[in-house]
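Enquirer: here is my input; please provide its structure:
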Amino acid sequence: MARRGLGIVVTVLGTAVAIAVTIFFLIYLVLGRGPRVPSGAVLTLTVGAELSELEPTDVVSYLQRGRTRTLRAVVDSLRKARVDPRVAAVLLKPSGFTTPYWGKVQELRDAILDFRTSGKPVYAYLEYGSDRDYYLASAANRVFLMPSSVLDLTGVASYELFLRGTLDTLGVYPDLHHVGAYKNAVNTFTERTFTEAHREAASGLNRGLYDEIVRGIAEGRGQDVAAVRALIDEGPFLAARALDAGLVDELAYEDQAHDRLRTAIGAERRVTVDLDQYARVSLRSLGLNEGPRIAVIYAAGTIASGRSRFDPVNGAVVGADTLNEHIRRVRGDGSIRAIILRIDSPGGSATASDAIWRELMVTREARSDRPIVASMSDLAASGGYYIAMPAHAIVAQPSTLTGSIGVFGGKFVTGGLYAKLGAGIEATSSGRRAEMNSPARQYTADETAVLKEQLQGFYDRFVEKTAESRGRTPAEIDRVAQGRIWTGRQALDRGLVDALGGLDRAIAVAKARANIPADRDVEVVIYPPPRSFYEILSAQLSGAGVDVGARLLASLTSEERQALRVLRGPLDLFRRGEPLALLPVGFLH
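Expert: Sure thing, here's the model as predicted:
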């Protein structure tokens, strides 16, 4: 009987495994099979929400990749469509960007303009015209706005949250210190309003981003820059007013925009392929992504020590150990002709950034004929800029937030909060400064002096390394450092970056430095390598995936996560007392 019962159990388990394998195989076929693209197709490009740099790492997001598209996947679809004889045109549908930044939107706009050089038309349809949606749409040949909609074009406003009054009410003291007159990361917690330097820096950054928007719209719509500035001051616009002002070409519904495009390309019937379908067309099937190999190493997230991971509130965390493993793998691969470090990071741990810097310097020195190029996405500030310094050239979008060459550190003293709750903290210690990072009291004068010495030492090394990287003197770098954030164009004017553009521009720079002909395509090798569905599923079943709480937090809007990030504070990601090279926490719109 026992043997018979064991046989039944084995049979049941075997059947279950066979069914599971069959299901996974069918999913693989559905996800992996290339789509049929009919001749004369219109690629419908619906983009919005938050474009990410890397593929999702959990099963749910993987199966819903339409909601979590990577920027590169969209750009590659446009690259494919540009040379694909089956694709006759693109219908662009911006659908509400939630990102607080402009760099990725600008990179996508560049890809639209590049597609247009094929001679194929791009028509943009706006159901609602937010600032980022319209900025992207202005790259199209023609712009359609739904008749009942509004073109919400009013300029750029940034918002900073100051929590000092809240912390005082709670009995929490922010014992935080910084080096750099414009290193405003601590001001969220230490101030009740703008300092003079903080307001100056925020206003300068705001003007820089505004100028980029005006310049792009003026070029796209064939209008004078001064005229566009005057128009924006009159916004937002009802649809009819937007048409009269020449900001859109026609008021129409989506089906009408489709029909206008079909007529323009001479198609007898409407044949469309959407982005999710077309993303499954391989680059190589169209003769792309072949040739000499260039590695693209992604550093997307807050920089910290240890392994890369996902923090539900702060998002992706770039672990120095993990990133350095990828750098060493690339260094040991003799087939790699050039290296691109793709950075989308507000910075983070000063020591982790320095560890990554060293690994990149070793890689740079290992082979003089293999260039390293840094490509900056939405932001590459503070520690994000620090890890860009080993590059032979730095490429940023005009709207990339970069610089912030400065450092801060300290602690939150929570003893007052505990006292209000009727609790107390007592300590025993050995060593004069053993209680330096005590949460129960402020730093003593002696401890403050030690902390400031550490921060100043890191700042001086940051400035010296930047000066060496940029071929300047430390005094020259110090004048544009001081923790100040610049747009990519402002940084170019100040010698902190070498060229403007996105990843494709960085690849072009790398090809030139590696003596690869400009007209020759290259194979881009991605690190970390994309994970298969099986690898993601295995990790999640083994308990290494994202938990339910993380998934719930990940479902929040970018504004809601930003609010949580500010209220929670950034220090919990790092070691106690660790110097931080981190972008200020704030709201940018």
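Enquirer: check contacts around Lys420.
Expert: Neighbouring residues of Lys420 by CB atoms under 8 Å, 6 or more residues apart in numbering: 170-171. Using the backbone N, CA and C atoms, a C-beta is placed for each residue, glycine as well.
Enquirer: do you know how far it is from Ala380?
Expert: Here Lys420 is placed at a distance of 41 Å from Ala380 (CB to CB, to the nearest Å).
Enquirer: is the spatially most central residue of the chain in a helix, a strand, or coil?
Expert: Taking CA atoms, centre = their mean, the centroid of the chain lies closest to Asp344, which sits 4.3 Å from it. What DSSP: H, G, I helix; E, B strand; the rest coil gives for Asp344 is strand.
Enquirer: which pLDDT value belongs to it?
Expert: Here, the pLDDT recorded for Asp344 equals 97.
Enquirer: next, the contact list for the closest residue to Ile485 other than its chain neighbours, please.
Expert: Nearest residue to Ile485 in three dimensions, chain neighbours excluded: Ser404, at 4.8 Å (CB to CB, 6 or more residues apart in numbering). With contacts defined as CB under 8 Å, 6+ apart, the neighbours of Ser404 are 183, 347, 381-382, 385, 483-485, 581, 583-584.
Enquirer: now Trp486
Expert: Neighbour list for Trp486: 205, 208, 401-403, 480, 494, 496 [criterion: CB under 8 Å, 6+ apart].
Enquirer: from those residues, which land in strands?
Expert: Cross-referencing these with the strands (criterion: DSSP state E) gives 401-403 as the overlap.
Enquirer: wait, which of the residues you listed is closest to Val522?
Expert: Nearest to Val522, judged by CB to CB, of the ones in strands among the contacts of Trp486 is Thr402 at 25.6 Å.
Enquirer: does Glu447 count as helix, strand or coil?
Expert: helix.
Enquirer: now the residue nearest to it when sequence neighbours are not counted: which helix or strand?
Expert: Leaving out its chain neighbours, the residue that sits closest to Glu447 by CB to CB, 6+ apart is Met436, at 4.8 Å. Secondary structure from DSSP states H and E places Met436 outside every helix and strand.
Enquirer: quick one: neighbours of Met436, just the number.
Expert: By other CB atoms under 10 Å, the residues close to Met436 number 18.
Enquirer: what does the pLDDT read for it?
Expert: Confidence at Met436, expressed as pLDDT, is 94.
Enquirer: hmm, it is touching Thr448, no?
Expert: No: at 9.6 Å, Met436 does not count as touching Thr448 under the criterion of CB atoms under 8 Å.
Enquirer: separation between the residue nearest to Glu447 and Phe115?
Expert: 57 Å.
Enquirer: what of Asp344?
Expert: Computed as CB to CB, the Asp344 to Phe115 distance reads 23 Å.
Enquirer: the closest residue to Asp76 other than its chain neighbours: what's it in contact with?
Expert: In this structure, Asp76 finds its nearest non-sequential neighbour in Leu283, 6.3 Å apart by CB to CB, 6+ apart. For Leu283, the residues meeting the contact criterion (CB under 8 Å, 6+ apart) are 76, 79-80, 289.
Enquirer: same question for Ser382.
Expert: Under the criterion of CB under 8 Å, 6+ apart, the contact partners of Ser382 comprise 185, 346-348, 404-407, 483, 580-583.
Enquirer: can you give me the helices for the stretch 101-250 of the chain?
Expert: Counting by DSSP state H, counting those that start in this stretch, the stretch 101-250 of the chain has helices at residues 103-116, 131-137, 164-170, 187-190, 196-221, 225-232, 239-244.
Enquirer: how distant is stretch 38-47 from the center of its chain?
Expert: Relative to the chain's own centre, stretch 38-47 is displaced by 26 Å; criterion: CA atoms, centre = their mean, to the nearest Å.
Enquirer: can you list contacts of it?
Expert: With CB under 8 Å, 6+ apart as the contact definition, stretch 38-47 has outside contacts at 69, 74, 77-78, 81, 85-95, 97, 108, 136, 258, 261-262, 265, 267, 270-275, 278.
Enquirer: now, those that are in strands?
Expert: Restricting those to those inside strands, with DSSP E as the criterion, leaves 87-95, 97, 272-274.
Enquirer: among those residues, which two are most distant?
Expert: Across the ones in strands among the contacts of stretch 38-47 (CB to CB), the longest gap, 26.7 Å, separates Ala88 and Phe97.
Enquirer: understood, closing this out.
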